[in-house]
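J.: Kindly return the folded structure for what I paste below:
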Amino acid sequence: MRYRQLSSTGASALAIFEFSGTTDEVADLFGIDLTNFNQFRLVQPQQGRLDFDQFLLVKISDSIYEGHFHGGYGVSRALHQFLLDNKWQESRAPLSLISAATSPLALRLLNNGDSASLLSDCWRQRLSSPPRIALVGPPNAGKSTLFNAWLSEQRVTVSEHHGTTRDFVEAPIMLGSGDDALAATLIDTAGLCDFIDASQENDAAAVAMTLQLLDDVDECVWIFDNSSALGPDIDGVLESRKDHDDLMFVNRCDLPASEHISEYQQRAVLLDDIDHKHRCAAIAQALFEKWGAPLPEQLS
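T.: Now for the predicted structure:
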């Protein structure tokens with residue numbers, strides 16, 4: 001039982017997948033009855049098996065089927081996980097590898113047959129589906145400023161007042177430069193803190209959205225403020241994420257340090273360069289170092 005994605009990744013109206021398996025295996029995958037199935041059918045997946053809209057199932061041969069699903073990047077990402085969870089193995093033809101390239105690094109590695117065969121599953125996924133990276137931390141730590149600097153535009157409002165960022169905002173970026181640039185999605189989030197005043201229910205809802213997002217992204221990059229202590233609420237979240245090996249950075253190092261610095265702030269990397277672009281580059285470099293080289297030997 002094998003599958004491959006035929007459509008390219010990224011923003012699109014459809015995600016098209018090919019399934020190589022018997023009729024019974026495809027029917028079991030989606031929890032549907034394919035008796036007397038000819039060539040085309042609008043399929044409603046059995047409740048609990050696949051939480052998507054109706055999709056078009058096309059019979060190419062007795063062992064090859066295509067599924068045409070509404071949606072692009074997000075839907076294809078969820079489908080990959082669904083198929084892997086159900087023990088279907090992914091196969092990629094050279095052409096689909098090239099069409100999946102979303103960045104210079106992806107094109108360079110996926111276009112080389114020898115390199116493509118040596119890629120780890122994690123790096124293959126990063127190259128074909130841009131990783132989602134969330135900037136998280138307390139209010140006024142400089143997350144939105146870094147977000148805007150990475151995009152080279154004033155995409156989100158920056159203010160000294162708490163709660164300026166309420167809905168998370170995401171945008172495509174490139175990590176690195178030149179032939180080594182990797183496509184990614186950067187997400188700016190609401191500052192994490194406790195809201196117990198009923199009048200601040202909107203802020204509390206924004207914090208809840210951020211907490212829910214933490215487990216839905218590929219990487220969480222924590223940004224702390226050197227001059228402000230972390231509250232017990234943030235310490236608790238960090239404690240619960242010890243196994244995730246999140247990257248941590250301390251911003252505003254030009255200000256006097258707080259007298260109550262958390263152990264997490266002490267372990268974080270200092271972002272002491274005044275130029276925000278250099279700070280973005282430092283974070284990108286740390287991500288590459290965490291992930292390791294895409295191949296057993298780093299390409300030149």
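J.: In three-state terms, label Arg4 for me.
T.: Here Arg4 is strand, with the state taken from DSSP: H, G, I helix; E, B strand; the rest coil.
J.: That one is in contact with Tyr65, isn't it?
T.: No - contact criterion CB atoms under 8 Å: Arg4 and Tyr65 do not qualify, at 11.9 Å. Just so you know, the C-beta spots here come from the backbone N, C-alpha and C atoms, and that holds for glycine as well.
J.: Between these two, point out the one with more neighbours.
T.: Tyr65 (25 against 17; other CB atoms under 10 Å).
J.: Disregarding residues adjacent in the polypeptide, which is nearest to the more buried one?
T.: Phe19 (4.5 Å; CB to CB, 6 or more residues apart in numbering).
J.: Can you tell me how far the residue of the chain most remote from its centre is from Thr22?
T.: The outermost residue of the chain relative to its centre, with distances by CA atoms, centre = their mean, is Asn36 at 40.4 Å. Distance, Asn36 to Thr22, by CB to CB, to the nearest Å: 16 Å.
J.: can you check Gln266 too?
T.: 58 Å.
J.: Also Cys122?
T.: 30 Å.
J.: What of Lys242?
T.: 44 Å.
J.: Any stretches of the stretch 1-150 of the chain with poor pLDDT?
T.: Residues of the stretch 1-150 of the chain that meet the criterion pLDDT under 70 lie in 8-12, 45-51, 72-73, 92-101, 113.
J.: mind listing the strands for it?
T.: With strands called from DSSP state E, counting those that start in this stretch, the stretch 1-150 of the chain shows them at 2-5, 14-20, 40-43, 55-61, 64-70, 89-90, 132-136.
J.: Between those, which one is closest to Asn111.
T.: Among those, strand 2-5 comes nearest to Asn111, with 17.1 Å by CB to CB.
J.: Does anything pack onto the closest one? Which helices or strands?
T.: Judged by 3 or more CB pairs under 8 Å, 6 or more residues apart in numbering; DSSP states H and E, strand 2-5 is in contact with strand 14-20, helix 73-85, strand 89-90.
J.: of all these, which lies closest to Ser144?
T.: Once the helices and strands packed on strand 2-5 are compared by CB to CB, helix 73-85 is nearest, at 23.8 Å.
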